[in-house]
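Asks: The following comprises the amino acid sequence and a computationally predicted model.
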Amino acid sequence: MTSRTTGYPSALPAANAAAGRAAAHSNGGGHMTTVVFIHGTGVREPHLGTLLVRIASGLASTAPGARVLAYDWGGPHGARLAAGGVSIPAAPGAGTGRSTGETDSPDDTEEWARLYADPSAELATASAGAGTHITPPGAAFPDERPRSLLRTLAARGEPRADGIGPGVREAATELARSPLLGPAADALDQEALAWVLARALTAMVVAAGLADDTPVQSGGDARDAAVAALAERLGAAPSGTDRGPLLRLAGRPLLRIGSRYAVRRRRALTDAAHPAAGDILKYLARGEGMRRGLRDLVAALEPPVVLLGHSLGGILCLDTLISGPLPGVELLITVGSQGPFLYETGALPSLAHPDPLPAHVPPWLNLYDRRDLLGYAAEPLFPGRSQDIATDSRQPFPVAHSAYWTDPAVYRAIGERLS
């Protein structure tokens, strides 16, 4: 059952009441400040009730006169897959829906993703498998010929590889100097090494374009044709046009990573991730219901009221306050919130940069963890109207984004403003 006024699911009133009784007891049953906690993306019951108890416990020592309640906007207003997820495409090879490509052929997409991220990955893997190689007196070292071919490629280029974009010559120059080339040449025969180097060159060109925000210029077929041309220049047998699957196999990276698993598990992963991503999108598109619910809740509370918003909850609080006065709200506290970033980028629904905060917006305390990539500073954008406090949970991102509620420094900073 859901309360029409507050939006609380049936499990939350008990947690709210328990937090209120604890605060009243610590305050001798007298008048107290009500802190309304507004949760972030993806939070649903029963986790919200658990989180509320943790926050109330954390504030019990630093703000003993405060009563902590939760506004559960996620229950009535949060994102959900209304049609049961029918928009999620089937995995490759599942045989459902139309496709313009071959879904039953071996998929090398994940291997190329690894190479784009680290073009030397396959070369390093080959190098790791090299044993001790003894070169007879007077004989050429195994890497002499491939280095020479790479230098020639750097000088002359390869027109058949132009489809992947510029930069083949620069990549060949860099690869000719690689310390990985020697042990890789010890481990692989000439044919295999030529293909490994061709894939490394192709990945280097694409990765350089991605680093410069240059759109990728080729699809998989053009990429594979470039790899074949480069491999031939580097000592592989001429590919011709009649090798079919053998050419595709030779051009396929030997790396294995997990994105194929992710694609085939897309429905389960979407089920797990869509509340967080969907909440943001739904708020930006249809956030008025969430803001109206917060206004209704605050109107039913005895002042003074403090709004404590985490992540998207902080955006919701800021937007609601900017849109119109909330009588009784004396302080806004945002924690790990993206409100300042949305304002600066022009995406905050209620206020566009450089317009100032309306005069009716109360004092604003903004906390962000130095390691939280989703926490932003407000004070440089709103000098004199907001105060930033940087914390450090010593947790890496993304854990840092939810570690605020286990950080004593957060409760101390809030308690100092509530005292």
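Replies: Thanks, I have the structure now. Numbers count the residues shown, from 1 in each chain.

Asks: Now do the strands in this protein.
Replies: With DSSP state E as the criterion, the chain has strands at 33-38, 66-71, 305-310, 329-335, 364-369, 386-391.

Asks: can you list those strands in a markdown table and add mean neighbour count, distance to P358 and mean pLDDT?
Replies: C-betas here are computed from N, CA, C, even on glycine. Below are those laid out as a markdown table (neighbours: other CB atoms under 10 Å; distance: least, CB to CB, whole Å; pLDDT from 0 to 100):
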| stretch | mean neighbour count | distance to P358 | mean pLDDT |
| --- | --- | --- | --- |
| strand 33-38 | 24 | 19 | 96 |
| strand 66-71 | 26 | 22 | 95 |
| strand 305-310 | 26 | 15 | 98 |
| strand 329-335 | 23 | 12 | 98 |
| strand 364-369 | 24 | 12 | 97 |
| strand 386-391 | 18 | 13 | 97 |
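
Asks: between these, which one is nearest to R417?
Replies: strand 364-369 (5.4 Å; CB to CB).

Asks: I'd like the distance between T334 and A83.
Replies: Using CB to CB, to the nearest Å, T334 is found at 34 Å from A83.

Asks: swap that for P64, please
Replies: Per CB to CB, P64 is found 48 Å from A83.

Asks: These two: who's more crowded?
Replies: Neighbours per residue, other CB atoms under 10 Å: of P64 and A83, the larger number sits with P64, 17 against 7.

Asks: can you pull the pLDDT of that one?
Replies: P64 carries a pLDDT value of 92.

Asks: likewise R114?
Replies: In this prediction R114 is given a pLDDT of 85.

Asks: count of residues packed around it?
Replies: When neighbours are counted by other CB under 10 Å, R114 registers 18.

Asks: and what of the one 4 residues further on?
Replies: The burial metric for D118, expressed as a neighbour count using other CB under 10 Å, is 14.

Asks: again with H401
Replies: H401: 22 surrounding residues under other CB under 10 Å.

Asks: Enumerate every residue touching it.
Replies: Counting by CB atoms under 8 Å, 6 or more residues apart in numbering, H401 touches S311, G336, D369, D372, L373, L374, G375.

Asks: what sits against the residue nearest to R147 when sequence neighbours are not counted?
Replies: Closest residue to R147 apart from its sequence neighbours, by CB to CB, 6 or more residues apart in numbering: A176 at 5.0 Å. By CB under 8 Å, 6+ apart, A176 lies in contact with R147, L150, R151, A154.

Asks: Buried among those residues? Make that a ChimeraX selection.
Replies: Restricted to buried positions by 16 or more other CB atoms under 10 Å, the ChimeraX selection for the contacts of A176 reads:
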select :147,150,154
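
Asks: Fine, thanks again, bye for now.
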